[in-house]
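**Q** attaching a predicted model along with its sequence, questions to come.
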Amino acid sequence: MGVAIVTPFTETNEVDYAALEKLVDLHLNSGTDFLCVQGTTGETPTLTIDEKRNIRKRIIKQVDGRMGIMLGCGGNNTRAVIEELQNEDFTGVDGILSVVPYYNKPSQEGLYQHFKAIANSTSLPIYLYNVPGRTGLNMHPETTVRLANECKNIIGFKAASGNIEQIKYLLKIKPDTLDVLSGDDGLTYEIMKAGGVGVISVFGNVYPKEFVSFIRLMQQGKYDEAKELNDRYSEIYKLLFADGNPGGAKAQLSNLGYIKNILRLPLTPVREEISEALRLADEKLQAANRQ
């Protein structure tokens with residue numbers, strides 16, 4: 001159970017390192033397997049280079065090997081990604097998550113060449129990240145398999161296409177060396193039942209213990225018990241994304257007293273009615289958990 005961790009901000013819109021430390025402690029004490037640092041959920045496009053370095057170093061120091069660290073490192077400029085991999089200090093990073101290039105929309109051959117060049121530039125394990133709703137481009141399963149077969153350090157894939165049939169097809173044709181992780185909380189049950197090994201979660205920001213329990217049941221093949229939990233969480237899955245990510249997660253973390261409900265432009269907080277619906281859904285979830 002991995003978590004794409006949010007970046008908390010202060011009222012003056014600076015990184016709230018004290019709140020970030022509390023969030024990391026929450027995951028250390030909840031059984032979270034790894035943190036995905038500086039992904040989309042972390043509002044990474046709005047962070048300065050110095051902020052990204054400080055966040056990475058602070059989290060790695062705090063975790064101190066007790067939990068895995070996956071670092072977002074991708075973009076639509078292949079050379080710039082390679083330079084970052086070769087010039088930044090990635091000590092303590094266990095692997096990178098590299099997103100399909102956005103905006104310039106390369107062909108499938110361009111995707112292959114892009115990720116092959118990145119893989120050849122580093123010895124770090126690489127997880128590919130397909131999220132066409134954000135990038136405007138879908139990486140085909142055949143392209144993913146081609147990369148996994150030819151690049152030994154491409155070992156994983158974050159599936160966030162929302163296309164369950166495509167994901168199931170990838171699970172059917174992929175080599176054993178490629179692990180598939182759900183990138184969509186609401187599809188994790190189906191993806192894992194079809195052969196996925198886990199999740200990089202947004203829901204887990206707020207409810208790490210609950211989602212760890214769900215993932216453990218899935219890993220043990222206890223699908224009926226897991227489905228009960230999945231159904232219990234389904235309302236919150238939807239609400240967390242009703243006004244975009246990470247707005248929902250930040251609203252609920254704020255409702256529960258972990259962080260301030262502040263995002264950096266161009267993102268803004270969720271509507272008040274969504275925040276209230278999340279608060280009520282939490283009360284409902286806690287009541288169900290007590291039964």
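**A** Now that the structure is in, tell me what you want to look at.
**Q** tell me where the chain has helices.
**A** With DSSP state H as the criterion, the chain has helices at 17-28, 49-63, 78-87, 108-120, 132-135, 141-150, 164-173, 188-193, 203-206, 208-219, 223-240, 247-255, 272-290.
**Q** could you export the ones you listed as CSV, including mean neighbour count, distance to E11 and mean pLDDT?
**A** Placement of C-beta: from N, CA and C, glycine included. What follows is the helices of the chain, written out as CSV (neighbours: other C-beta atoms under 10 Å; distance: least, C-beta to C-beta, whole Å; pLDDT from 0 to 100):
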stretch, mean neighbour count, distance to E11, mean pLDDT
helix 17-28, 17, 11, 98
helix 49-63, 16, 17, 98
helix 78-87, 15, 31, 97
helix 108-120, 18, 38, 98
helix 132-135, 15, 28, 96
helix 141-150, 18, 43, 98
helix 164-173, 16, 41, 98
helix 188-193, 21, 34, 98
helix 203-206, 26, 20, 98
helix 208-219, 20, 26, 98
helix 223-240, 17, 23, 97
helix 247-255, 24, 12, 98
helix 272-290, 14, 17, 95
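**Q** to G72, which of these lies closest?
**A** Closest to G72 of these is helix 49-63 (C-beta to C-beta; 9.2 Å).
**Q** helices or strands next to that closest one in the packing?
**A** helix 17-28, strand 34-37, strand 68-72 (3 or more C-beta pairs under 8 Å, 6 or more residues apart in numbering; DSSP states H and E).
**Q** in contact with the residue nearest to T44 when sequence neighbours are not counted, which residues?
**A** The spatial neighbour of T44 that comes closest, neighbours along the chain excluded (C-beta to C-beta, 6 or more residues apart in numbering), is Q38 at 4.5 Å. Residues in contact with Q38 (C-beta atoms under 8 Å, 6 or more residues apart in numbering) are T44, L47, K52, I55, R56, L71, G72, C73.
**Q** quick check, nearest of those residues to R146?
**A** R146 lies nearest to C73 out of the contacts of Q38, by C-beta to C-beta, at 21.1 Å.
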